[in-house]
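J.: build me a model from this:
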Amino acid sequence: MLRIISLYVALFLSGTAALVYQSTWGRMLQRVFGVSDLAVATVLATFFLGLGLGSALGGRWGRKVRRPARAYALLEVAIGAWALLSLLLIPNVHDVYAAIGGGMGFGALTIIRFLIAIFILLPPTLLMGATLPILIAATARQGVAWSSSATWLYATNTLGAVVGAGITGLYLVPSFGAKVSVVVAACASFAAAIIVYVVWRGASDTEEKEEPSERVPVPSRVRLAMTLAAIAGLASLASEVLWTRVLRLVVQGTTQAFAAMLVNYLIGIALGSIIAERLMRKPNRNPTVLFAGTQLLLGILTVAAIYVGSQLPRLAVLVQGSTNIVPHEAWVILALSSFLLLPLALVLGTSVPLAWRIAGGGTDDASEHSGRVLAANTLGGLFGSLGAGFLLIPGFAAALEGSDPADIRVSAVELSLLAVVFVHLLAATIALVSAARTSIQRIFGMTGPLAVGVVLVLIGPSLNLPFLLDAWYDPSSAVVTGPDDYWRNNVVFLEEGRNTTVSILDRSSTLRLFNDGRPESGFGEDDPGFGEELAVLGSLPVIFAEKHERAMVIGLGAGHTTAVLLGGPWQQVDVVELEGAVVNA
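T.: The predicted structure is shown next:
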């Protein structure tokens, strides 16, 4: 029993360290690549790629290794050592990036970023991905039913990730910085290794597998489990990206929105995995049918969350007890995000444990089957996160481009969420058809989820972006009227860009520019419309620069600073704007 407990403690520490690594390495590499969404996506994509491949490799290693618990301890030592090495590597890759990428185009820079991120992040993430399958092998060889122990290990690891996400964003990085945070995480990895090594040091070889068994072809049930896990991972990570964007409109801050989303998803996934374990305790329950049911429920909950999302400004007033619609306190942001995301996350958390049940198998198959399912789920999540940010929103935004904002009743992010609904329904269809035993059951499996999707689209509510973007300006009307057409009256321009949602509102003969609902700039009849400081910013370089040849403005906004510079002695003015929608505005 003590040996099993030591694995749970170690995996909790491992999950905590992993989220600290992800957050701090992301911050450190942003200083190399820049802070645009493309740079962040490069880091996350590499992280997910490593975890997915590591899970597959860990499954193979767990089948072959004689002492998996000790192998896990060695993995944690290697992870911690690489983390400390990264403190020397990351600061020095900036010169390499600048030297190689200077003068290159977007495509070449993207490839260079990815290669550098692979060099830094792939080795430790491969090892991280391998840890859970290795420990599943260790528990299975102790006589514990592997699908059950895997679920509890998965939940424990995810709860550790909740702690890691919380302490990194709220305490470690703000108080001590990224480097100290990496050292703390490395200490957690070393502690996990020491705990397992000490407790398992006296384990006899008879309790563990002495000879690796021969490899066998992948059974059809495992291929089905991998397929379903991959689709569920794709939908899960796509929805994370999309709901973070929705939350950003309400809290008017990317960091708070992402942190709130991450905490809710991780808590929900941890608790959802335990719920799945409880559901499968009755022997007559078919995990494939249960998986289909959860995917149908996720489609319904996603549409319900669209309605809840449209009511978030009103909920903010109720939760805070004040007319301040834009929340700033951490507990308020977490409460609002919980209304929106926790039910979804709870059901999403059942996906991997149910897929493990579908895969089945005995002790010999524990690590390999669990590793394959985890790898499929993680790699599916990789494609989901990239697809949502770089395909769905830009694609739907392009389709809506040129429409009158007052006439648009659906947004790109809302259409993207509906696309995620149909991904869930696709998973439900595959599960139902595979579980069918008669022709009638197969017909129902193929048509039932589609019919549910059609109904959800027909009754689906709108997010009403004009309301979410502007409710803070008139909280009384926001609470009383809610998201009705009143909020479309003053909208002159509305575009969902790759990074942010940009709008222009007409207020008393003044045009105001907003970025994710935050006031950025404006034009009035008698003054710049947003304060004299914008004009002053354009004048300061004229005063302090020794030469007046070229000037650069970071952030176009409404063009006030640029206009002042153009009226000065400069021969050339360069403007850098990360969001194309601002230029269109």
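J.: when you work out contacts or count neighbours from here on, use the C-alpha atoms and nothing else.
T.: Fine.
J.: skipping adjacent residues, who's closest to residue 2 in space?
T.: residue 199 (7.5 Å; Cα to Cα, 6 or more residues apart in numbering).
J.: burial count for that neighbour?
T.: Residue 199: 17 surrounding residues under other Cα atoms under 10 Å.
J.: show the pLDDT at it.
T.: Turning to residue 199, the model gives it a pLDDT of 89.
J.: in contact with it, which residues?
T.: 2-3, 6 (Cα atoms under 8 Å, 6 or more residues apart in numbering).
J.: doesn't it lie inside a helix?
T.: Yes. Checked against DSSP: H, G, I helix; E, B strand; the rest coil, residue 199 lies within a helix.
J.: state the distance from it to residue 149.
T.: 19 Å (Cα to Cα, to the nearest Å).
J.: now swap in residue 201 and tell me
T.: 21 Å.
J.: look at the two and report which has more neighbours.
T.: residue 149 (18 against 12).
J.: if I look at the residue lying closest to residue 349 once chain neighbours are set aside, how far off is residue 152?
T.: Nearest residue to residue 349, sequence neighbours excluded (Cα to Cα, 6+ apart): residue 269, at 3.6 Å. Going from residue 269 to residue 152 by Cα to Cα gives 12 Å.
J.: so for those two, which sits in the more crowded spot?
T.: With neighbours defined as other Cα under 10 Å, residue 269 and residue 152 compare such that residue 269 has more, 26 against 20.
J.: would you agree the more buried one is in contact with residue 344?
T.: No. With contact defined as Cα atoms under 8 Å, residue 269 does not reach residue 344; the gap is 9.2 Å.
J.: okay, now the unreliable bits of the stretch 351-500 of the chain?
T.: 362-364, 405-407 (pLDDT under 70).
J.: please read the previous query as pertaining to the stretch 201-350 of the chain.
T.: Using pLDDT under 70, the flagged stretches of the stretch 201-350 of the chain are 202-216, 254-255.
J.: now do 50
T.: Applying pLDDT under 50 to the stretch 201-350 of the chain picks out residues 204-212.
J.: sorry, back to before: for the residue nearest to residue 349, give me phi and psi.
T.: Backbone geometry at residue 269, expressed as degrees, to the nearest 10, gives phi -70, psi -40.
J.: any idea which residue is closest to the centre of this protein?
T.: residue 240 (4.7 Å; Cα atoms, centre = their mean).
J.: now that one: which helix or strand?
T.: In the assignment (DSSP states H and E), residue 240 maps to helix 220-251.
J.: just to revisit the earlier point, ok, the residue nearest to the centre of the chain - contacts?
T.: Contacts of residue 240 (Cα under 8 Å, 6+ apart): 261-262, 265, 385.
J.: could you dump those to JSON lines with neighbour count and secondary structure?
T.: Conversion of the contacts of residue 240 to JSON lines gives the following (neighbours: other Cα atoms under 10 Å; DSSP: H, G, I helix; E, B strand; the rest coil):
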{"residue": "261", "neighbour count": "25", "secondary structure": "helix"}
{"residue": "262", "neighbour count": "20", "secondary structure": "helix"}
{"residue": "265", "neighbour count": "28", "secondary structure": "helix"}
{"residue": "385", "neighbour count": "25", "secondary structure": "helix"}
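J.: got those as TSV, with distance to residue 61 columns?
T.: Below are those laid out as TSV (distance: Cα to Cα, whole Å):
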residue	distance to residue 61
261	34
262	30
265	30
385	28
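J.: show me where the stretch 401-550 of the chain has its strands.
T.: Counting by DSSP state E, counting those that start in this stretch, the stretch 401-550 of the chain has strands at residues 491-496, 501-507, 510-515, 518-523, 550-554.
J.: I'd like to know which of those strands is closest to residue 310.
T.: Shortest distance between residue 310 and the strands of the stretch 401-550 of the chain, using Cα to Cα, is found for strand 501-507: 15.6 Å.
J.: any idea of the mean pLDDT for that closest one?
T.: So the average pLDDT for strand 501-507 ends up being 89.
J.: what do you get for stretch 128-142?
T.: 85.
J.: buried stuff in it?
T.: 128-141 (16 or more other Cα atoms under 10 Å).
J.: equivalent analysis for stretch 428-440, please.
T.: 428-436.
J.: again, but for stretch 284-294
T.: 287-294.
J.: do the same with stretch 454-466
T.: For stretch 454-466, burial by neighbour count (16+ other Cα under 10 Å) applies to 456, 460-466.
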